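A.B. asks: below: sequence and its predicted model.
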Amino acid sequence: MSNYLTEQQVLDQLNIPDFRHVTKDKVMTFASMLHSMEPEVAKKTLEQFPEFAKMSFEVIHEYKSILEKNLEDNSISSKQCFDIYNTVLDTLKTCVEKIDLVFDEKKYYFEKMMEIAQMAESKDTENKKFNWKIVSAGAFVVIAVVGIGASILGSNTNIKLPRLKL
């Protein structure tokens, strides 16, 4: 008995009568099932679904828009946070510049300034990690769609990506 999905099993899982009824929201589910189908069945289903490539690119474009929006929102949020840090630092700097402060008071303000600097560094690191996750997720989606499409069409899909050092 074969472990591959039949055409009917795929249709049942997608809850559609035939492949002409695949919608954008089901394209990624369909694409993820292609590797589990016998190559001939996969080719046959793709022939019934002539808009697969177009819809795949539309899904990728929509996903790209979502990623861009997330990056923009993150950028705005980070800017607001850094603006607050700068305001606090400016206030502390003004306090330190007072001539009549004793050493312990100045030391206190410098310590607070260092805390703010550490918070800003932490926020910057967090922001870079978030951006890297967004880029990685986007790359994964693109590679998955292209790889699945290429494997169905019989291309060599031995893609070797370099390992990134974090």
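C.D. replies: Yes, it's here.
A.B. asks: please count neighbours and contacts with C-alpha atoms only from this point.
C.D. replies: OK.
A.B. asks: distance from the biggest helix by length in the chain to the middle of the chain?
C.D. replies: For the chain, the helix with the greatest residue count under DSSP state H is helix 103-152. Averaging C-alpha positions (C-alpha atoms, centre = their mean, to the nearest Å) puts helix 103-152 13 Å from its chain's average.
A.B. asks: mean confidence for it?
C.D. replies: Averaging pLDDT along helix 103-152 yields 81.
A.B. asks: for stretch 45-52, same thing?
C.D. replies: Averaged across stretch 45-52, the pLDDT comes to 70.
A.B. asks: circling back to that earlier point, check which helices and strands the longest helix of the chain is in contact with.
C.D. replies: Applying 3 or more C-alpha pairs under 8 Å, 6 or more residues apart in numbering; DSSP states H and E, one finds that helix 103-152 contacts helix 24-33, helix 39-48, helix 52-96.
A.B. asks: just checking, what packs against the last one?
C.D. replies: Other helices and strands packing on helix 52-96, by 3+ C-alpha pairs under 8 Å, 6+ apart, are helix 24-33, helix 103-152.
A.B. asks: hmm, 10 Å instead?
C.D. replies: Under the contact criterion of 3 or more C-alpha pairs under 10 Å, 6 or more residues apart in numbering; DSSP states H and E, helix 52-96 touches helix 24-33, helix 39-48, helix 103-152.
A.B. asks: neighbours of residue 56, how many?
C.D. replies: 19 (other C-alpha atoms under 10 Å).
A.B. asks: that one and residue 29 touch, don't they?
C.D. replies: No - Residue 56 lies out of contact with residue 29 (C-alpha atoms under 10 Å); the separation is 11.0 Å.
A.B. asks: tell me the residue furthest from the middle of the chain?
C.D. replies: What lies farthest from the middle of the chain is residue 100; by C-alpha atoms, centre = their mean that is 52.6 Å.
A.B. asks: ok, back up a step: any chance of the helices and strands packed on helix 52-96 in a markdown table, plus mean neighbour count?
C.D. replies: Converted to a markdown table, these look like this (neighbours: other C-alpha atoms under 10 Å):
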| stretch | mean neighbour count |
| --- | --- |
| helix 24-33 | 16 |
| helix 39-48 | 16 |
| helix 103-152 | 15 |
